[in-house]
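# Following is a predicted model, sequence given first.
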Amino acid sequence: MKNTFHGKFNCSGTRIRRRRKELKLSQEQLAAKLQLAGLDITQKAISRMETGLRVVPDYEIPFLADALGVSILWLLGREAENNK
């Protein structure tokens with residue numbers, strides 16, 4: 001069952017992708033960075049997050065924010081683009 005986020009399962013995927021590209025990281029590199037921080041995640045999971053086909057559990061959000069150098073609120077779309 002899809003939610004109201006334009007058929008996506010999360011609201012952070014677009015920002016995850018945007019920031020990953022700004023940092024010139026591949027999905028594999030981001031997955032490795034997250035794994036080193038203690039989050040068991042794969043490149044495929046990153047891909048599914050970014051396309052909105054995977055739910056991003058709340059416990060993963062702080063790992064993603066830290067790895068991407070952004071705030072949790074920015075990642076969730078609660079802060080403007082320039083307030084990373």
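Yep, that arrived.
# Point out where this structure drops to low pLDDT.
1-7, 81-84 (pLDDT under 70).
# residue ranges for the helices of it, please.
For the chain, applying DSSP state H gives helices covering 13-22, 27-36, 43-50, 61-68, 72-75.
# Next, format the ones you listed as CSV and append mean neighbour count.
Heads up, the C-betas are built off the backbone N, CA and C, glycines and all. Below are those laid out as CSV (neighbours: other Cβ atoms under 10 Å):
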stretch, mean neighbour count
helix 13-22, 18
helix 27-36, 17
helix 43-50, 18
helix 61-68, 19
helix 72-75, 18
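# Show the contacting residues for the residue minimising distance to the centre of the chain.
The chain has I16 as the residue nearest its centroid, 3.6 Å off, counting by Cα atoms, centre = their mean. With contact set as Cβ atoms under 8 Å, 6 or more residues apart in numbering, I16 has these partners: I46, M49, E50, L64, L68, L75.
# now the third one, nearest residue through space, not along the chain?
Beyond its immediate neighbours in the sequence, the residue positioned closest to E50 (Cβ to Cβ, 6 or more residues apart in numbering) is R17, lying 4.0 Å away.
# isn't that neighbour right next to G52, touching?
No. R17 is not in contact with G52 according to Cβ atoms under 8 Å; the separation is 10.0 Å.
# what about L34, distance to L64?
In this view, L34 and L64 are 7 Å apart by Cβ to Cβ, to the nearest Å.
# ditto for G77
Counting by Cβ to Cβ - G77 and L64 are separated by 13 Å.
# what is in contact with these two at once?
Common neighbours of G77 and L64 (Cβ under 8 Å, 6+ apart) are S12.
# Alright, that wraps it up for me.
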